[in-house]
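Trainee: Provided below are the primary sequence and the corresponding predicted coordinates.
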Amino acid sequence: MSIAAVLIVKNEQDHLRACLETLFWVDEVVVVDAGSTDGTREIAREFTDRVVVEDDWQGFGIQRRRAEALVTSDWILMVDADERVTPALRESIQAALSEGAMAIYTLPRLSWCFGAFIRHSGWYPDRVARLYPRSRAGYNAALVHEKLENPEDLPVRPLEGDLLHYTYRDLRHYLEKSAHYAQAWAEQRAARGKRGSLAAGIGHGIGCFLRMYLLKAGFLDGRQGLLLALLSAHSTFAKYADLWIRTRTSPPPEDGVTDR
């Protein structure tokens, strides 16, 4: 059974090399670039000649589908540039493929954030379905928070060994990514006719904090756990606030005059 590592990237020169170096054992590497302006493509071409530019961004789901369509191997391992396949995970993947069973496999993801690996807060073992047979499963077309679809109801099995995730460079990076996801989430919900409210944002934000910090034992992650719970609550509120602005507020008057 042949296997391809598949990545969708944009401006990932700081991460990409380290990621690809952990994928030396796969049969094929496919990289779809969304229009990088740094050295991402040059780094990718050091490891593979399967580098394609698709810069008319239509969302994460569509971009992953484009990447899937380029694969010729039997199996796909979907990886992000800020992730690393550990030796233990590699061995687990190879053992699963040698068995020849048709299944979708989930990988335990361990995230490094603000100076520490996060082992609680609902972040670990953040299992993600990333290894799947190319002809039997594939990603949906969601703009954000895309998911792997399993139309044939294949069994879902866990693998051992961590997929390391170096998620945020700093606070600014977190806030930028959070704002991007909030915007995409609100756009998607508004397109479906959903409406938002600030009360819903406050309620979901508070619920997010309590769930992460108390129910998911984020306090065991120390100061990083507290910071993540607070930031996650803010991000949750922000996406509902964005939806409220889009669906319940009025646009400015065309002539700029508020009183007549």
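Mentor: It's in.

Trainee: any idea how far the longest helix anywhere in the chain is from the chain center?
Mentor: In the chain, assigned by DSSP state H, the helix with the most residues is helix 222-248. Averaging C-alpha positions (C-alpha atoms, centre = their mean, to the nearest Å) puts helix 222-248 17 Å from its chain's average.

Trainee: again with stretch 53-70
Mentor: On C-alpha atoms, centre = their mean, the centre of stretch 53-70 falls 14 Å from the chain's centre.

Trainee: what residues of that stretch count as buried?
Mentor: 54, 59-68, 70 (16 or more other C-beta atoms under 10 Å). Placement of C-beta: from N, CA and C, glycine included.

Trainee: and if you look at stretch 219-235?
Mentor: Applying 16+ other C-beta under 10 Å to stretch 219-235 flags 221, 224-235 as buried.

Trainee: same question for stretch 201-220.
Mentor: 201, 205, 208-209, 211-213, 216, 218.

Trainee: restricted to helices, list the residues you listed.
Mentor: Going by DSSP H, the helices hold 201, 205, 208-209 from the buried residues of stretch 201-220.

Trainee: so which of these comes closest to residue 82?
Mentor: residue 208 (22.8 Å; C-beta to C-beta).

Trainee: tell me who's in contact with the closest one.
Mentor: Counting by C-beta atoms under 8 Å, 6 or more residues apart in numbering, residue 208 makes contact with 229, 232-233, 236.

Trainee: want to try a markdown table for the residues you listed, with pLDDT and distance to residue 170 as columns?
Mentor: Formatted as a markdown table, the contacts of residue 208 follow (pLDDT from 0 to 100; distance: C-beta to C-beta, whole Å):
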| residue | pLDDT | distance to residue 170 |
| --- | --- | --- |
| 229 | 97 | 18 |
| 232 | 97 | 17 |
| 233 | 97 | 19 |
| 236 | 96 | 21 |
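
Trainee: confirm residue 129 sits in a strand?
Mentor: Yes: counting by DSSP: H, G, I helix; E, B strand; the rest coil, residue 129 falls inside a strand.

Trainee: count of neighbours near it?
Mentor: Residue neighbour count, defined by other C-beta atoms under 10 Å, stands at 17 for residue 129.

Trainee: burial count for residue 115?
Mentor: 8.

Trainee: what's the pLDDT at it?
Mentor: We have a pLDDT of 94 for residue 115.

Trainee: wait, it touches residue 224, no?
Mentor: Yes: counting by C-beta atoms under 8 Å, residue 115 touches residue 224, with 6.6 Å between them.

Trainee: still on that earlier bit, wait, which of the buried residues of stretch 53-70 is closest to residue 181?
Mentor: Distances from residue 181 to the buried residues of stretch 53-70, taken by C-beta to C-beta, are shortest for residue 60, at 9.8 Å.

Trainee: mind telling me what element the closest residue to the closest one other than its chain neighbours is part of?
Mentor: Leaving aside its chain neighbours, residue 60 sits nearest to residue 146 (4.6 Å; criterion: C-beta to C-beta, 6 or more residues apart in numbering). Using DSSP states H and E, residue 146 falls within no helix or strand.
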